[in-house]
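Visitor: mind looking at a prediction? Sequence and model below.
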Amino acid sequence: MFDPGPFLILMRYCSSLWLKVYFGFLGFLLLLNIFLRPHEPHFGLDSWFGFWAVFGLGVGLVMIFVMKRIIQPLIVRKEDYYGDI
Amino acid sequence: MATSSFFIHPSVGFLALGLALPFLRGKEWRYLLLLPPLLAIFAVFTMGMGSHCTLNWLGATLELGRVDAFSLIFAQVFAVMSLAGMLYALHVTDRLQHIMASLYVAGGFGCVFAGDFLTLFLFWELMSIGSSFLVFCNRTRESTLAAFRYFLYHTAGGLLLLAGIVMRYKATGSFAFEAILPSQMEPYNWLILAGFCVNAAVVPLHAWLPDAYPRGTVTGSVFMCAYTTKTAVYVLMRGFAGWEILAVAGTIMAVYGVLYACIENNARRILSYHIVSQVGYMVAGIGVGVAMTINGAAAHAYAHILYKGLLFMGAGCLLYAAGTAKLDKLGGLAGRLPWVMLLYMVAALSISGMPFFNGFISKTMTIAGAAEAHRTWVALGLEIAAVGTFISVGIKLPYFAFWGGKAPDMTRELKPIPWNMYAGMSILAFLCILQGIFPDILYAYLPLPMEHPYVPWTFWNVLQAFLLLGFSGLAFYLLRRVITPHEGLNLDLDFFYRLIGRLALACISRPLAWLDDIWTNAYRTVGIRGLLALASATNWFDKKAIDGVVDGTAYAVGGIGRFGAKLQSGDLQRYIGMAVILALVAFALVWYLG
């Protein structure tokens, strides 16, 4: 059977190339968004250019930061806190 | 769709397998595991609409085979999932796991086809027992305790349901399981709703799920992630569509699940929190209650079972091969487990709602339906959950499991993954992509007619999905060092469950301990003194009465013995004299008494 393992290992060392492709793709999406907007926006604001890009980025940043840096330190305990393990 | 009266209950094969497995010998029995799923698939695609298998029991009419558009779509995906799940578990030699999985799946089918509350309750409890054992069968201290907690919790949920059913019967005189209107807010309907919500893992009743599912067996958790919550979604859809509280609860679930998944370290616990989140989409859709959101909930349940089963299979492969599912202990495995990674990514992109995968055609329907019904906050909450889903299941989990910024791990000892595990995963991956590209394969089975058909494949929908997910990925990239998982236990609401458990225990044990103290004191003051007096009396009686009789008898026998010895002098004349005296005495007695 074909083993894609070596190919995946090789690709790991091309991370900067993948990053360029990724940022290029994001730029292309924004470019498309200039011309393509929803006919029937769900929330009103989502007919604006870049709304979903800002929404995805903003929600993602806030979610990660708040949960990891503010909430988790308050609720994390050692693994065997309940004595179950 | 078949319109005949032909009906085979899909549970029959699984029940027969569960009963037969303990008695089968040899090794070939494993291949029998595939027969009930194949029979179930055949049954589901050939059964006719209508009511089947009705019987009278204790004066109540039980309907075991209600076949309509609602039950059929769920039964169909249950059947497909049972085949993939059994194939995935084919290498397992522990029969108890297979028996319990069979009973569990049989329970799921039984609930879906139940036309009355009594039948529903019986199969509901069968599921509870089967799934508890699927956790227990991991046979560690951790899993045993988790299975016990799971069973206790589901028993409590089952009792809520039973109380509601009995009270409803008392009020209406019927066990029929029909739609309950939002205006019918009687206490018994609330109890039934609460019982359903326990199994649907509605926040705050959800914490049993991330407690138990990560501790189940590798193959058992695959079954569990598919049936319990989706059976609950089915009964909520049939019974409580349009209940506003479900729209709110579903939106909270969708967001709550992804927030916890964001900070979890254990791959299977991340996926467990995502069950809470994804079931939230379905519950919200049911709560909004319009045709598009209910269809969206049904479509999402179908898609969810396929990709969530595949996700648990992927995480199970990691656990099976590497011996751990903790992300901080994994990484650099993409080259060693490439097919696991690729198959996992199909599921990860599906759950994220990426175009070309089935989450895209199901999730967007629920969100669009909520927005069209002017439920802006519901739709917005589900979009927020979509961002968190992609970040935690679509990127975080595979990144830290297969790469994690670590060099390829070529030294770790990995257990070879059996062919059947790959086969089970491949079936589900194929269906995830097939439904994503050809949504009508799934939409053809949606239960309600809609004013206008939903079309997921529009340029805007695709662009919107790519924008949302693409820039969510950018957020991960920017904060990848912050989101790095670490070992630790994140407190959830089960902290309060345990607290309630301890309080309940205290409410029972404290009064009992108090009574025990009183009894001990009473025993000390009254009982022991009484016993001492009794002991003294017994001692006196023993000495004076028992000893007197026994000793007296002994002394008498001794005296007689000594007297007899003295008489035995050996003198013949004395013997004759004594014999004459004895004869005279005997003669005198006979003469006197005669």
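Guide: Right, received. Where do you want to start? Numbers count the residues shown, from 1 in each chain, chains lettered A, B, ... in the order given.

Visitor: without its sequence neighbours, what residue ends up closest to the residue of chain A at minimum distance from chain B?
Guide: The nearest approach of chain A to chain B comes at A:Gly60, 2.6 Å away (C-beta to the nearest C-beta). Where you see a C-beta, it was placed from the backbone N, CA and C, and this is true even at glycine. The shortest distance from A:Gly60 to any non-neighbouring residue, by C-beta to C-beta, 6 or more residues apart in numbering or on different chains, is to B:Ala475 (2.6 Å).

Visitor: most centrally placed residue in chain A?
Guide: Central residue of chain A (C-alpha atoms, centre = their mean): A:Gly60, 6.6 Å from the mean position.

Visitor: and that one, what does it touch?
Guide: Applying C-beta atoms under 8 Å, 6 or more residues apart in numbering or on different chains, we find A:Gly60 in contact with B:Val387, B:Gly388, B:Ile391, B:Phe471, B:Ser472, B:Leu474, B:Ala475, B:Phe476, B:Leu479.

Visitor: find the nearest non-adjacent residue to the last one, please.
Guide: Ranked by C-beta to C-beta, 6+ apart and with sequence neighbours excluded, the top spatial neighbour of B:Leu479 is A:Ile64, at 4.5 Å.

Visitor: going on from the helix or strand containing that neighbour, what's the next piece of helix or strand?
Guide: Assigned by DSSP states H and E, A:Ile64 belongs to helix A:51-65. As assigned by DSSP H and E, the chain's next helix or strand after helix A:51-65 is helix A:72-75.

Visitor: next SSE after that following helix?
Guide: Note on helix A:72-75: by DSSP H and E, the next helix or strand toward the C-terminus is strand A:76-77.

Visitor: tell me the strands beside that next one, with direction?
Guide: If you go by DSSP bridges, strand A:76-77 pairs up with strand B:489-490 (antiparallel).

Visitor: who's in contact with the partner strand?
Guide: With contacts defined as C-beta under 8 Å, 6+ apart, strand B:489-490 is touched by A:Gln72, A:Ile75, A:Val76, A:Arg77, A:Lys78, A:Glu79, A:Asp80, A:Tyr81, A:Tyr82, B:Tyr260, B:Ile263, B:Glu264.

Visitor: quick check on these: which are buried?
Guide: The neighbour-count test (16 or more other C-beta atoms under 10 Å in any protein chain shown) marks A:Gln72, A:Val76, A:Tyr82, B:Tyr260, B:Ile263, B:Glu264 as buried among the contacts of strand B:489-490.

Visitor: need the worst-confidence member of those residues.
Guide: Here the lowest pLDDT out of the buried ones among the contacts of strand B:489-490 sits on A:Tyr82, with 93.

Visitor: mind listing residues that contact stretch B:317-330?
Guide: Contact with stretch B:317-330 is made by B:214, B:218, B:265-268, B:315, B:333, B:337, B:340, B:344, B:396-397, B:400-402, B:404, B:412, B:414-417, B:421, B:425, B:485-487, as judged by C-beta under 8 Å, 6+ apart.

Visitor: of the residues you listed, keep whichever come out buried.
Guide: Applying 16+ other C-beta under 10 Å to the contacts of stretch B:317-330 flags B:214, B:218, B:265-268, B:315, B:333, B:337, B:340, B:344, B:396-397, B:400-402, B:404, B:417, B:421, B:425, B:485 as buried.

Visitor: domains for chain B, by residue range?
Guide: Using automatic domain parsing, the domains assigned to chain B come out as B:1-240, B:244-490, B:498-593.

Visitor: if you count contacts, what does the helix or strand that contains B:Trp460 end up packed against?
Guide: Secondary-structure element containing B:Trp460, defined by DSSP H and E: helix B:459-478. Judged by 3 or more C-beta pairs under 8 Å, 6 or more residues apart in numbering or on different chains; DSSP states H and E, helix B:459-478 is in contact with helix A:15-35, helix A:51-65, helix B:358-372, helix B:376-389.

Visitor: give me whichever of those helices is most buried.
Guide: Stretch with highest mean neighbour count among these: helix B:358-372 (a mean of 27; mean count of other C-beta atoms under 10 Å in any protein chain shown).

Visitor: near chain A, anything from that one?
Guide: Yes. Applying C-beta under 8 Å from any C-beta of the partner chain, one finds helix B:358-372 in contact with chain A at B:Ile367, B:Ala368, B:Ala371.

Visitor: follow-up on the earlier one: per-residue pLDDT, the residue nearest to B:Leu479?
Guide: Predicted confidence (pLDDT) for A:Ile64: 97.

Visitor: from memory it sits against B:Ile483, does it?
Guide: Yes. Counting by C-beta atoms under 8 Å, A:Ile64 touches B:Ile483, with 5.1 Å between them.

Visitor: so what sits against both of those two?
Guide: With C-beta under 8 Å, 6+ apart as the test, A:Ile64 and B:Ile483 both reach B:Cys262, B:Ile391, B:Phe476.

Visitor: and of those residues, the nearest to B:Ile560?
Guide: Closest approach between the shared contacts of A:Ile64 and B:Ile483 and B:Ile560, by C-beta to C-beta: B:Cys262, at 102.1 Å.

Visitor: show me the contacts for that closest one.
Guide: Taking C-beta under 8 Å, 6+ apart as the contact definition, B:Cys262 lies against A:Met63, A:Ile64, A:Met67, A:Lys68, B:Gly388, B:Ile391, B:Ser392, B:Lys396, B:Ile483.

Visitor: nearest to chain A: which residue in chain B?
Guide: B:Ala475 (2.6 Å).

Visitor: for burial, what's the neighbour tally of that residue?
Guide: The number of residues packed near B:Ala475 is 24, by other C-beta atoms under 10 Å in any protein chain shown.

Visitor: how confident was the prediction at it?
Guide: 97.
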